[in-house]
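Asker: model this:
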Amino acid sequence: MNRKPSKFKRVTIPGVSIWPQPKPSPRSRYRISYMLSGKRKTEYASTDLTTTLRRAWEISERLENIRTGQVTAAQDAMNVSRRLPLETHFKDYEKYLSDLNRTRPHVSQLVRYARLMLLGNLDDPIATGRGHSKRNSEVRLPGIANLVEDITFEGIASQAAKVFDIRSVATANRYVEAVQCFLNWGVKCNRWQKNPVKAFHRFKGNPKHPRRIVEVDDLYKLLAITETGPVRRGLTGEQRVTLYETCLATSIRVGAARQLQVQHFRLEAIDPRIELPISLAKGKREQTISLPESLAVKLRCVVTGKQQSDRVFCVPSNAAKMLQADLRAAGIPYRTEQGFFDFHAVRHQSGTMLAMAGVTPKVLQQHMGHTSIKMTLDTYGHVYDQSRREPAVVMGNILAQRSAQRKAGSEGRSGSPTFAEEKKNPPENAGDREWSQRDASRIFRRRNPRNRRENAGDAACVGSRRAQRS
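Answerer: Take a look at the predicted model:
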């Protein structure tokens, strides 16, 4: 027969009080109350009175250390946070990101990457299979830390190397950046003192899935053959061409094209455009993309009869297979030595064609939805490097026009010869006197308008002085 715990009203030890809960739960029967930094703190202890007393004495020692000045309240809070399990910190970190109005997919991905790198999850592997890949290999990361004190630079480097072996450079860097963001948040919130992987450098190297662009003639051929092609993945040839042209003209991703609704389109006769919300835009901010008139006419026919919340394109989940079939029908290789031509390569094709057409980097940045001009120049800077000589050519033409005008003006001007001509050919009235440097300087001063004004001013000053003396 289980004995009931002894009934008491309160147990007091220096700075700490233990109270029995009026309605005890299966996990907690007592609560601990104390004052810290002028605020009342309450903790719910376990159902065992001995464990509760031990916890109360630990809190009492902490309060004594703060009172005697051995540690500050901030240092004490940091010491307590460091002993908490990482899972508790991850819950607070997820709540912090949600309060910043970050999108749900962004928060979920950031927390998932950091949790997988630190805690590991053998049931949630990092799959390498993409829509275009047939590889089924996968990596499973073991946990390397349960507390913040267990996180080391070497452990993160080992985890990142395992991800880098099967994923691209950009993906491996995202996993490392997720851990760095989590640890920087802890330092900012005074949960721990420093970020042990702050000095971790990003992976560098060629991407494992490079994209390429195709010739304009091949692009025209792909659209022409696709328009007359059979139904693929539930889409007719005309529907697929409209989808390809929309992705090419707007430079949006296939994931964003899949979620486009009728309410996102403004297909008026003047300034047709797409207004992407924050959830679909690249830079996590609203974006407006203008549409060509010919494409706007096709889209008006597509959205006719649909509700505002209906999706414009029925993009299948395996859209990459659909594009591969159309490329195969057009005789365009999907993969070459230069790289792949997939749906994301269509976006790269759009940006490259706009850069080659002379669109300025700032306008191209707004069209592509990049958050900074640096990303635009890093991606499409090679196109602008080809036109590096254009400013020199333009300035050369301007200077040539100025030289031509100057030459024409000197030939048409009627007047006395220049100083060089007078020095080479002395005037006839020079007589027998020697053509000296003094005579040449006198002629130069007479030709120079500035000197004439100065001489006139000097003469006026001399005349005024003579008048004063008289």
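Asker: any idea which helix is longest in this structure?
Answerer: As assigned by DSSP state H, the longest helix anywhere in the chain is helix 390-412.
Asker: CA-only coordinates of that one in PDB, if you can.
Answerer: Output in PDB follows, covering the C-alpha atoms of helix 390-412 (Å, rounded to 0.1, in the frame of the first residue of the first chain):
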ATOM      1  CA  GLU A 390      32.500  49.200 -74.500                       C
ATOM      2  CA  PRO A 391      33.100  52.300 -72.300                       C
ATOM      3  CA  ALA A 392      36.500  52.800 -73.900                       C
ATOM      4  CA  VAL A 393      35.000  52.500 -77.400                       C
ATOM      5  CA  VAL A 394      32.300  55.000 -76.500                       C
ATOM      6  CA  MET A 395      34.700  57.500 -74.900                       C
ATOM      7  CA  GLY A 396      37.000  57.100 -77.900                       C
ATOM      8  CA  ASN A 397      34.200  58.100 -80.300                       C
ATOM      9  CA  ILE A 398      33.400  61.100 -78.100                       C
ATOM     10  CA  LEU A 399      37.000  62.300 -78.100                       C
ATOM     11  CA  ALA A 400      37.300  61.700 -81.800                       C
ATOM     12  CA  GLN A 401      34.300  63.900 -82.500                       C
ATOM     13  CA  ARG A 402      35.800  66.600 -80.300                       C
ATOM     14  CA  SER A 403      39.100  66.400 -82.200                       C
ATOM     15  CA  ALA A 404      37.300  66.600 -85.500                       C
ATOM     16  CA  GLN A 405      35.200  69.700 -84.400                       C
ATOM     17  CA  ARG A 406      38.400  71.300 -83.200                       C
ATOM     18  CA  LYS A 407      40.200  70.700 -86.400                       C
ATOM     19  CA  ALA A 408      37.300  72.000 -88.400                       C
ATOM     20  CA  GLY A 409      37.100  75.100 -86.300                       C
ATOM     21  CA  SER A 410      40.800  75.900 -86.600                       C
ATOM     22  CA  GLU A 411      40.600  75.600 -90.400                       C
ATOM     23  CA  GLY A 412      37.600  77.800 -90.700                       C
END
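Asker: now that helix, how far from the centre of its chain.
Answerer: 44 Å (Cα atoms, centre = their mean, to the nearest Å).
Asker: now for that helix, which elements pack on it?
Answerer: Helices and strands touching helix 390-412, by 3 or more Cβ pairs under 8 Å, 6 or more residues apart in numbering; DSSP states H and E: there are none. Quick note: C-beta positions are derived from backbone N, CA and C, even for glycine.
Asker: list the contacts of it.
Answerer: Applying Cβ atoms under 8 Å, 6 or more residues apart in numbering, helix 390-412 has no contact partners.
Asker: start the count at 382, not 1, going forward
Answerer: Taking 382 as the first residue, the last one we looked at is helix 771-793.
Asker: what pLDDT, on average, does it get?
Answerer: Averaged over helix 771-793, pLDDT sits at 73.
Asker: nearest residue to Pro653 in space, please, no chain neighbours.
Answerer: Spatial nearest neighbour of Pro653, excluding adjacent residues (Cβ to Cβ, 6 or more residues apart in numbering): Ala677 at 3.7 Å.
Asker: what about that neighbour, neighbour count?
Answerer: 19 (other Cβ atoms under 10 Å).
Asker: just the buried positions in the helix or strand harbouring it, please.
Answerer: According to DSSP states H and E, Ala677 maps onto helix 674-684. Buried residues in helix 674-684, counting neighbours by 16 or more other Cβ atoms under 10 Å, are found at Leu676, Ala677, Lys679, Leu680, Val683, Val684.
Asker: export those residues to JSON lines and tack on pLDDT and distance to Asp599?
Answerer: Converted to JSON lines, these look like this (pLDDT from 0 to 100; distance: Cβ to Cβ, whole Å):
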{"residue": "Leu676", "pLDDT": "92", "distance to Asp599": "20"}
{"residue": "Ala677", "pLDDT": "91", "distance to Asp599": "25"}
{"residue": "Lys679", "pLDDT": "92", "distance to Asp599": "22"}
{"residue": "Leu680", "pLDDT": "93", "distance to Asp599": "25"}
{"residue": "Val683", "pLDDT": "92", "distance to Asp599": "26"}
{"residue": "Val684", "pLDDT": "92", "distance to Asp599": "30"}
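Asker: for those, which one is nearest Lys422?
Answerer: Minimum distance to Lys422 across those is 58.4 Å, recorded for Val684 (Cβ to Cβ).
Asker: closest one of the buried residues of helix 674-684 to Lys404?
Answerer: Among the buried residues of helix 674-684, Val684 lies closest to Lys404 (Cβ to Cβ), at 58.3 Å.
Asker: which residues touch the helix holding Ala677?
Answerer: Residues outside helix 674-684 that contact it (Cβ under 8 Å, 6+ apart): Gln620, Thr623, Glu626, Thr627, Ala630, Val643, Phe646, Leu648, Pro653, Leu672, Val693.
Asker: now swap in stretch 583-602 and tell me
Answerer: Taking Cβ under 8 Å, 6+ apart as the rule, stretch 583-602 contacts 511, 541, 545, 548-551, 553-554, 557, 603, 629, 711-713, 717, 719-723, 725-726, 729-730, 733-734.
Asker: what residues sit buried inside that stretch?
Answerer: Neighbour-count burial for stretch 583-602, counted by 16+ other Cβ under 10 Å, picks out Phe584, His590, Arg592, Arg593, Ile594, Val595, Asp599, Leu600.
Asker: out of the residues you listed, which one has the weakest pLDDT?
Answerer: Lowest pLDDT among the buried residues of stretch 583-602: His590, 76.
Asker: secondary structure class for that one?
Answerer: Assigned with DSSP: H, G, I helix; E, B strand; the rest coil, His590 falls in the coil class.
Asker: now swap in Lys422 and tell me
Answerer: Recorded secondary structure, Lys422: strand (three-state DSSP).
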